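Chemist: Sequence isn't available, so here's the structure alone:
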């Protein structure tokens, strides 16, 4: 931290390496909110008629998202509410769910908690135990993400949401772009951009208003706003390609500030080009559960069938 | 190395992790040549009327390139010759130049050696010393590359070449794609692919027949063909973003074989899309030297002017 003052004259709170700015707490927070506001406006993420469902895990990203959206969108009269998914991991998830409830009540927004147990008949813990017993190697966090995404889409439909907002930040997005590059997945590169999604049959559009905010600055924003930082790690987390890429990006960003932004900008330019060219995959209905999917059997049903389980 | 035999029955020489193949020396070498042959054919890199100038540094990539091209192209009656640039670094460059001469005489191809000193009036050593004395931080190897590229283009024009072939391999190309991504340089991504280049005024098209061959396999190919491996490192080499990315890619490739290929495939898909869309930058003439350039003052003249030097 340099010891000069913020341009407004207040005491320094944050030094932004990339731009060389020294910011007080107030200017820092306003700056973060401005990035989100500009993203929402430029990408036309919402309209006043929307009913926005925030995926509120209780982690820092979703807290920042709920705080900022309830501030911005309420001023337009847009309807905002939050949903928390309790995957069911004892000794880990309870704290996040409790924080999510506190945040929603502080922001005075409607809040719903749903569990994997009610939705699927099994907690994440039970699923992982069954996989372990059967000697099946689950794909780390990605399989939990598959189950969560389907549940979120179902809940959005049930609760009348017209958009789902998630807390993906700049780091997540830069990592995801590189993962897609490393895997040679051009189609996913074309689907990565936050864009004015039109609802496709049975799918509620998902938007990422924090896509241009670095993870570190989100953590500091949440701290500056007086929220608790929930740092526990899921016991089922696995070391993955994403972790390797996260380390690399943090190292490169350290030596070349601005790299994460550059990557997301490249991702945007390319996905704009690709969106126009790639024929969007046809939406079908999963043969097993009937949910919309680009596959014949959706990935959730694939996981359950692999484990020999049946949804309740 | 696994102890089973090559599918042809010969003794094993190389185990290709990505595909699981065990190969004898002969099948390995033929395989490398086939990749290059297919690249040349698919991308229509050459025609029998071409006069191909090989940029032969004396390093492994350029040796493999000279060996394979003189084999393939001579069979079509295409004219192939080699040029070596001696940048002028005592105790380092002499060995490479000597190896290049030996290679050319073994392959019975026309060979020319040109020096920075004759072309620019200064050796690389002299330029680096002047920069040091003046306290100017040169951009590591990239500035030497700028000078070498202009000289190669001038020599190609002078010697009547219609194509310049360089030894860039899969690792180089994957690294370059990521560097462009990390720098946010979408335009360069659009220019990266080996493609049937048409000569633009004053620029001789440059092609990369080894673009799909991993660096490691090139080294082994050159060894298998009985060439010396020239391993010395230039004393002016600097630690760069490319080195960081090289390490990362080698680590990721180790855990996820095929990653480098995936990256170059993504690069190809994207640059195909971009080629159609990006208006190619207009070629002007450098105001100082008159050489073709996309800039008002070409990068070579920029470097010389920065150092207060004048070309001889």
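Modeler: That came through fine. For clarity, every value in this text was computed on a predicted model and none was experimentally measured. Numbering: from 1, shown residues only, chains lettered A, B, ... in the order given.
Chemist: tell me which parts of chain A are close to chain B?
Modeler: A:177-178, A:180-186, A:189, A:241, A:244, A:248, A:251-252, A:255-256, A:259, A:261-263, A:265-266, A:269-270, A:273-274, A:277 (C-beta under 8 Å from any C-beta of the partner chain). Placement of C-beta: from N, CA and C, glycine included.
Chemist: same for the longest strand along chain A, what does it pack against?
Modeler: Of all the segments assigned as strand in chain A under DSSP state E, the longest by residue count is strand A:79-86. With contacts defined as 3 or more C-beta pairs under 8 Å, 6 or more residues apart in numbering or on different chains; DSSP states H and E, the packing partners of strand A:79-86 are strand A:51-55, helix A:60-75, helix A:93-107, strand A:110-115, helix A:140-158.
Chemist: Check which strands are paired with that strand and give the direction for each one.
Modeler: Here the strand partners of strand A:79-86, with direction, are listed using DSSP bridges: strand A:51-55 (parallel), strand A:110-115 (parallel).
Chemist: Quick check: which of the ones you listed is buried the most?
Modeler: Ranked by mean neighbour count under mean count of other C-beta atoms under 10 Å in any protein chain shown, the strands paired with strand A:79-86 are led by strand A:51-55, which reaches a mean of 24.
Chemist: between that one and helix A:140-158, how big is the angle?
Modeler: 160 degrees (axes from the mean of the first three to the mean of the last three C-alpha atoms, to 10 degrees).
Chemist: Quick one: mean pLDDT for strand A:51-55?
Modeler: When pLDDT is averaged over strand A:51-55, the result is 97.
Chemist: Can you give the contact residues for stretch A:120-140?
Modeler: Contacts made with stretch A:120-140 from outside it, assessed by C-beta atoms under 8 Å, 6 or more residues apart in numbering or on different chains, are listed as A:87-90, A:115-117, A:144, A:147, A:151, A:236-238, A:240, A:303-304, A:306-312.
Chemist: give me that answer again for 6 Å
Modeler: Applying C-beta atoms under 6 Å, 6 or more residues apart in numbering or on different chains, the external contacts of stretch A:120-140 come out as A:87-89, A:116-117, A:144, A:236, A:238, A:240, A:307, A:311-312.
Chemist: Check the burial of residue A:202 by counting its neighbours.
Modeler: Using other C-beta atoms under 10 Å in any protein chain shown, residue A:202 has 14 other residues around it.
Chemist: ok, now residue A:4?
Modeler: By other C-beta under 10 Å, 9 other residues sit near residue A:4.
Chemist: Which residue, other than its chain neighbours, is closest to it?
Modeler: Counting by C-beta to C-beta, 6 or more residues apart in numbering or on different chains, the nearest residue to residue A:4 once its immediate chain neighbours are dropped is residue A:22, at 5.6 Å.
Chemist: The strand or helix carrying the one you found pairs with which strands?
Modeler: Using DSSP states H and E, residue A:22 sits in strand A:21-23. Strand A:21-23 pairs in its sheet with strand A:14-16 (antiparallel), by DSSP bridges.
Chemist: so how far is residue B:172 from residue A:291?
Modeler: Remark: distance between residue A:291 and residue B:172 (C-beta to C-beta, to the nearest Å) = 45 Å.
Chemist: In the stretch 51-200 of chain A, what residue lies closest to chain B?
Modeler: Here the stretch 51-200 of chain A gets closest to chain B at one residue, residue A:184, 3.1 Å apart by C-beta to the nearest C-beta.
Chemist: Helices along the stretch 201-312 of chain A, start to end?
Modeler: With DSSP state H, counting those that start in this stretch as the definition, the stretch 201-312 of chain A shows helices at residue ranges A:215-224, A:241-255, A:259-277, A:299-307.
Chemist: Show me what counts as buried in the second one.
Modeler: Put plainly, it is helix A:241-255. Neighbour counts using 16 or more other C-beta atoms under 10 Å in any protein chain shown place A:241-242, A:244-246, A:248-249, A:252-253 of helix A:241-255 among the buried residues.
Chemist: The residue nearest to residue A:4: neighbour count?
Modeler: If you count neighbours by other C-beta under 10 Å, residue A:22 ends up with 20.
Chemist: measure it to residue A:71 for me?
Modeler: Relative to residue A:71, residue A:22 is positioned 25 Å away (C-beta to C-beta).
Chemist: Tell me how many other residues surround the residue nearest to residue A:181 when sequence neighbours are not counted.
Modeler: In space, not counting the residues next to it along the chain, residue A:181 is nearest to residue B:266; the distance is 5.1 Å by C-beta to C-beta, 6+ apart. Using other C-beta under 10 Å, the number of residues around residue B:266 comes to 23.
Chemist: doesn't residue A:184 make contact with residue B:266?
Modeler: Yes - with contacts counted by C-beta atoms under 6 Å, residue B:266 reaches residue A:184, the gap being 5.5 Å.
Chemist: circling back to that earlier point, now the longest strand of chain A and helix A:60-75, what's the angle there?
Modeler: Computed by the same axes, to 10 degrees, the angle between strand A:79-86 and helix A:60-75 is 160 degrees.
Chemist: and strand A:79-86, average pLDDT?
Modeler: Computed over strand A:79-86, the average pLDDT equals 96.
Chemist: How far does that strand sit from its chain's centre?
Modeler: Taking C-alpha atoms, centre = their mean, to the nearest Å, one finds strand A:79-86 lying 13 Å from the centre of the chain it belongs to.
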